[in-house]
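# need coordinates for the below:
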Amino acid sequence: MIRKCLESELETIYEIINDSAVAYKDRIPADRWKEPYMPMDELKEQIRDGVVFYCFEDKGRLLGVMGIQDREDVKLIRHAYVRTCARRGGIGVQLLNYLRKDQEKPVLIGTWADATWAIDFYQKNGFHLVESEERKFLLKKYWTVPERQIETSVVLTDGKYIRSQRDLVE
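Numbering: from 1, shown residues only. Coordinates of the predicted model:
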């Protein structure tokens, strides 16, 4: 079952993120890795900044989380993580589809450039990588991340974003 996470589940969200984020260790730049990957104060700040987390629950246990954030004229998918023990079971796809359903605004996703498995996942689910200059523009406009992370990240967009940009050009 997918549902909005409860405030009382903050510790579990933290646990899932940091369990799953181990996949990034030795893949992302060493100067961007830290342990825990997302400290509790950073998670709380993300929530204060408007990230709303949804969870995948099975038999009373949370197995995955994914956030969505409203940013001006787009929605951002943020912090998509599935417990290591539950990967490759379709949980990420279900969460992504749930959050995309009925979205009128374009949906953007940022991830690490070296996280090829994440990029492949999003591309298999209908997202497209943007070009370098557009990527930098989008990361600066919609995310609050340091310059080093901008240098080492990619942005993927859904069809609505691509269509809206074509409309602006034409």
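# other SSEs contacting the strand or helix carrying Val65?
Following DSSP states H and E, one finds Val65 within strand 61-71. Packing contacts for strand 61-71, counted by 3 or more Cβ pairs under 8 Å, 6 or more residues apart in numbering; DSSP states H and E, involve helix 10-20, strand 52-58, strand 74-82, helix 91-100. In this view, the C-beta of every residue, glycine as well, is placed from N, C-alpha and C.
# quick one, grab the pLDDT at the residue nearest to the spatial centre of the chain.
Centroid check for the chain by Cα atoms, centre = their mean gives Arg78 as the closest residue, at 2.9 Å. pLDDT recorded at Arg78 is 97.
# ok, the one 3 residues further on next?
As predicted, Tyr81 sits at a pLDDT of 97.
# picking that back up, for the residue nearest to the centre of the chain, list each beta-bridge partner.
On the basis of DSSP bridges, Arg78 is bridged to Gly67.
# report the separation between it and Val65.
For Arg78, the distance to Val65 equals 10 Å [Cβ to Cβ, to the nearest Å].
# just Tyr24 next, same as before
Counting by Cβ to Cβ - Tyr24 and Val65 are separated by 16 Å.
# between the two, which is the more surrounded one?
Val65 (25 against 16; other Cβ atoms under 10 Å).
# give the contact list for the more buried one.
Counting by Cβ atoms under 8 Å, 6 or more residues apart in numbering, Val65 touches 5, 13, 16-17, 53-56, 79-81, 95.
# again, 7 Å this time
5, 13, 16-17, 53-55, 79, 81 (Cβ atoms under 7 Å, 6 or more residues apart in numbering).
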